[in-house]
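1. 3D model of this:
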Amino acid sequence: MDAVSLVSQLSGFLYTVGSFVVLLSIIVAVHEYGHYIVGRWCGIHPEVFSLGFGPVLASRVDKRGTRWQVAAFPFGGFVKFLGDADAASGKDTGSLSAAEQDPALLRKTMHGAPLWARSATVAAGPIFNFILSIVIFTGVILVQGQMKDPLTVGELRPLPDQSLTLRPGDEIKAISGLETPAFTDQAAWSAFEQAVPVEPVLEYRVLRDGAERIVRGPYLSPSLVTGVAPRSAASDAGLREGDVIQSVDGDEIFTFGQLKEKVEAGNGAPLTLGVWNRDGEREVTLTPRRTDEPTAEGGFATHWRIGIAGGLAFEPASESISPLVAVGRATTQIWVMIEQSLSGLKHIITGQISTCNLSGPVAIAEVSGTMASQGAMEFILLIAALSTGIGLLNLFPVPVLDGGHLVFFAYEAVTGKAPNDRAMQVLMMMGLALVLGLMLFSVSNDILFC
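-> Numbers count the residues shown, from 1 in each chain. Below you'll find the model as predicted:
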């Protein structure tokens, strides 16, 4: 390996690690800030807010007596409240001994706070993760707006056919004599797409400069790459956004549907794609991979995929959307993600889909580097998606996770007393072993099996 290749690989590795650290630090900081601020509001004194673990690199103490610190290992964080032995569990006997002599001081400890205050403080971490996701998705929806109705050409995507006369700003009235329905009416739009003739060039009736005219336009869903999934066959083969796939194993295609059929029919055999973009033409060989995808019915279906997304032949013009509607759509999006995550976990446990759907830190780091290289918007959306995932994970009823503490609090609410210390220690050790085992399994998945 020459020096240039070595430097390039090292730069790529550092970029991936740096992206992962930034991603994780943002999500962890928001999660821990949820614990911190709600605990403070509930009268529990936060002694330490740490971003990272291990040796302290920098710290300061604020006017409330909380030490804010950055530690050497940036893969996590914690808030230590008065009376805690550490960030996860246990009791600081020295602090508690002093507090037990002073009811006012005892009330400021996690151990001595009312049940409602402890529950709110613990639940706040995952809730703040969901809030972060809602804020990000809402902001993205507001920036992007919604597709203008009637359908209007915003920006033309580069295609091989240079004879097309469709232009930005054209309001599409009909295609091949078929009136265009509202894009928001999914059933009508789906029926419209199926009725449109499958031809490379179609007759568009458009409204341009106040007058209707007939122009030449492309098939609505060409074999155009609008996105590439990280850790996919397409990504490994070097396909990128803007590529147009013109052939598969020598057979000419021009629609995304034709490409999908070819990939499915290959049953995992290597495929040679003829690819065009503005820089020229090239051939790419790749091997489709089995992918488990959620279905509308709530289950999963396994397909052969190369890992690309398609779309319309042009970027549709957009219009503004109200903040209230944006929040509603963002919340719905997060709810769908949660449902799909839970369904996926259930299907993994029952053996109905591959354990490769369980990503570990290595895979997440690779994805973070890829998404960061694709642009700020993609990286921000990844933060929102992973923040939802971490919020959900922390609500699982596993000791050492927030959900496990909430289960203990529920037990205390029902019985009127907390679980005994010995039982708590055993359950915490079991929970820790489960979490570490899951992490090791996911890492082995990332490196060895998937």
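
2. P168 is in contact with L156, isn't it?
-> Yes - between P168 and L156 a contact is recorded at 6.2 Å, counting by C-beta atoms under 8 Å. For every residue, glycine as well, the C-beta is placed using N, CA and C.

3. Now list whatever residues contact both of these two.
-> Common contacts of P168 and L156 (C-beta atoms under 8 Å, 6 or more residues apart in numbering): F314.

4. So for the two, which residue has more residues nearby?
-> Taking other C-beta atoms under 10 Å, P168 and L156 do not tie; L156 has more neighbours (16 against 12).

5. For the more buried one, which residues are in contact?
-> 164, 166-168, 313-315.

6. Looking at those residues, spot the one nearest M110.
-> M110 lies nearest to E315 out of those, by C-beta to C-beta, at 51.6 Å.

7. which SSE is the closest one in?
-> Per DSSP states H and E: E315 is located in strand 314-316.

8. ok, residues contacting the next helix or strand after that strand?
-> Sequence-wise, the next helix or strand downstream of strand 314-316 (DSSP H and E) is strand 318-319. Strand 318-319 is contacted by residues 144-149, 154 when judged by C-beta under 8 Å, 6+ apart.

9. out of these, which are inside strands?
-> Among the contacts of strand 318-319, the residues falling in strands (DSSP state E) are 146-147, 154.

10. so where do the strands sit in the stretch 201-350 of the chain?
-> Using DSSP state E, counting those that start in this stretch, the strands assigned to the stretch 201-350 of the chain run over residues 201-208, 211-218, 227-228, 244-248, 251-252, 271-277, 280-286, 289-294, 300-305, 308-309, 314-316, 318-319.

11. could you dump the ones you listed to CSV with mean pLDDT and distance to F441?
-> Below are the strands of the stretch 201-350 of the chain laid out as CSV (pLDDT from 0 to 100; distance: least, C-beta to C-beta, whole Å):
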stretch, mean pLDDT, distance to F441
strand 201-208, 96, 51
strand 211-218, 95, 46
strand 227-228, 92, 27
strand 244-248, 96, 36
strand 251-252, 96, 41
strand 271-277, 96, 32
strand 280-286, 95, 28
strand 289-294, 86, 17
strand 300-305, 88, 20
strand 308-309, 94, 29
strand 314-316, 93, 41
strand 318-319, 92, 43
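
12. how about those strands in CSV, adding mean neighbour count?
-> Below are those laid out as CSV (neighbours: other C-beta atoms under 10 Å):
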stretch, mean neighbour count
strand 201-208, 18
strand 211-218, 15
strand 227-228, 18
strand 244-248, 20
strand 251-252, 10
strand 271-277, 19
strand 280-286, 12
strand 289-294, 16
strand 300-305, 16
strand 308-309, 19
strand 314-316, 19
strand 318-319, 12
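
13. Export those strands to CSV and append columns for distance to A433.
-> Listed next are the strands of the stretch 201-350 of the chain as CSV, based on distance: least, C-beta to C-beta, whole Å:
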stretch, distance to A433
strand 201-208, 61
strand 211-218, 57
strand 227-228, 38
strand 244-248, 48
strand 251-252, 53
strand 271-277, 44
strand 280-286, 40
strand 289-294, 28
strand 300-305, 29
strand 308-309, 39
strand 314-316, 50
strand 318-319, 50
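
14. quick one: low-confidence ranges for the chain?
-> 1-8, 85-101 (pLDDT under 70).

15. Give me the residues contacting stretch 244-254.
-> For stretch 244-254, contacts defined as C-beta under 8 Å, 6+ apart pick out 158-160, 200, 219, 222-225, 259, 262-263, 271-277, 281.

16. and of the contacts of strand 318-319, the nearest to L115?
-> The closest of those to L115 turns out to be Q144 (C-beta to C-beta; 43.4 Å).

17. Okay, and the beta partners of the closest residue to that closest one other than its chain neighbours?
-> Among residues not flanking Q144 along the chain, S318 sits closest, at 6.3 Å (C-beta to C-beta, 6 or more residues apart in numbering). Beta-bridge pairing for S318 (DSSP bridges): M147.

18. before we move on, what SS does the residue nearest to the spatial centre of the chain have?
-> With distances taken as C-alpha atoms, centre = their mean, A385 lies nearest the centre of the chain, 2.6 Å away. Assigned by DSSP: H, G, I helix; E, B strand; the rest coil, the conformation of A385 is helix.

19. How about it, nearest residue that isn't a chain neighbour?
-> A385's closest residue in space is M337 (C-beta to C-beta, 6+ apart), at 6.7 Å.

20. Could you report the neighbour count for the one you found?
-> 17.

21. what sits against it?
-> Per C-beta under 8 Å, 6+ apart, neighbours of M337: 385, 388-389.

22. quick check, nearest of these to E179?
-> Nearest member of the contacts of M337 to E179, counting by C-beta to C-beta, is A385, at 37.3 Å.

23. Tell me how far stretch 33-51 lies from the chain's centre.
-> 27 Å (C-alpha atoms, centre = their mean, to the nearest Å).

24. typo on my end, stretch 247-261
-> With C-alpha atoms, centre = their mean, you get 30 Å for stretch 247-261.

25. For that stretch, measure first residue to last.
-> Taking C-alpha to C-alpha, to the nearest Å, stretch 247-261 runs 12 Å from one end to the other.

26. Next one: the residue nearest to the centre of the chain from A330, what distance?
-> 12 Å (C-beta to C-beta, to the nearest Å).

27. Perfect, that will be all.
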